[in-house]
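Colleague: just to be clear, the model below is a prediction. Sequence and coordinates:
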Amino acid sequence: MSDTLTDHITPQMDEAGFASIDHARLQTPSVSTHVPRILILYGSLRPRSFSRLSAEEAGRILNRLGAEVRLFNPSGLPLVDDGVDASHPKVRELRELVAWSEGMVWSSPERHGAMTGLMKTQIDWVPLSDGAVRPTQGKTLAVMQVSGGSQSFNAVNQMRILGRWMRMITIPNQSSVAKAFLEFDEAGRMKPSSYYDRIVDVMEELIKFTLLTRDRSEYLTDRYSERKESASQLSERVNQQAL
């Protein structure tokens with residue numbers, strides 16, 4: 001006969017920090033009425049940057065889907081640790097946009113089998129925490145890449161890893177445009193193709209996930225390990241002897 005697990009909590013678990021799942025907070029949160037706020041980052045400063053052109057197409061689609069969209073221009077953003085800090089105007093601009101946003105799109109070229117340094121620099125300037133605030137935690141993310149040659153997924157795969165590290169909700173769908181120089185007209189607009197259709201798919205999914213999670217993100221990212229630490233610190237402070 002198999003053993004049954006009858007104990008409500010294991011000896012290793014901190015009971016003060018442990019909590020049952022709150023179905024009400026998951027299923028019936030207060031619902032925001034403003035339009036979704038989406039920030040788009042792109043990873044090239046070339047005059048005819050296909051990652052920027054793809055990002056602009058994504059922005060048009062998001063606008064059509066009812067989102068408020070802002071694109072960050074990374075020109076002038078300094079390298080991390082290059083003698084500047086978060087007071088730099090471009091760094092402040094980027095961090096304020098991240099704080100404003102509820103979801104993000106990252107669009108990078110694939111260069112030498114990876115995202116560009118410019119794309120990584122933008123992400124590196126966004127802190128995991130800023131005081132008691134985690135700027136990216138619980139926000140949605142869509143990843144896109146453009147390639148000069150055949151279709152590849154190295155850059156989007158790397159950005160997925162970074163999105164997880166930044167505690168973001170990275171949507172399942174993604175976009176990878178091969179031979180991007182063939183996919184845009186002289187005006188910089190994307191030609192009709194299956195690549196364009198995929199970007200529409202990705203933006204639709206991003207909006208759906210953003211609407212689904214933005215009012216639940218605080219609870220979705222609430223962690224036992226962090227509650228346990230807070231409970232222990234509180235107990236230590238309350239029970240310490242008077243000095």
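Modeller: Alright, I've got the coordinates.

Colleague: name the SS class of the residue nearest the centre of the chain, please.
Modeller: When CA atoms, centre = their mean is applied to the chain, the residue found nearest the centroid is Leu141 (3.8 Å). Under DSSP: H, G, I helix; E, B strand; the rest coil, Leu141 falls in the strand class.

Colleague: which residues in the protein form helices?
Modeller: Taking DSSP state H as the criterion, the chain carries its helices at 23-27, 50-64, 89-100, 117-124, 154-165, 194-213, 217-220, 224-239.

Colleague: quick check: buried residues in the fifth one?
Modeller: For helix 154-165, the buried set under the neighbour-count rule, 16 or more other CB atoms under 10 Å, comprises 154-156, 158-160, 162-163. Every residue, glycine included, has its C-beta placed from N, CA and C.

Colleague: run through the bridge partners of the residue nearest to the centre of the chain.
Modeller: With beta bridges defined as DSSP bridges, Leu141 has these partners: Met104, Thr170.

Colleague: is it true that it touches Ile171?
Modeller: Yes. Assessed by CB atoms under 8 Å, Leu141 is found in contact with Ile171 at 6.9 Å.

Colleague: could you pull up phi and psi at Pro36?
Modeller: When quoted as degrees, to the nearest 10, the phi and psi of Pro36 stand at phi -60, psi 140.

Colleague: residues contacting it?
Modeller: 66-68, 102-103, 207, 210-211, 214 (CB atoms under 8 Å, 6 or more residues apart in numbering).

Colleague: switch the cut-off to 6 Å
Modeller: With contacts defined as CB atoms under 6 Å, 6 or more residues apart in numbering, Pro36 is in contact with 67, 102, 207, 210.

Colleague: noted, bye for now.
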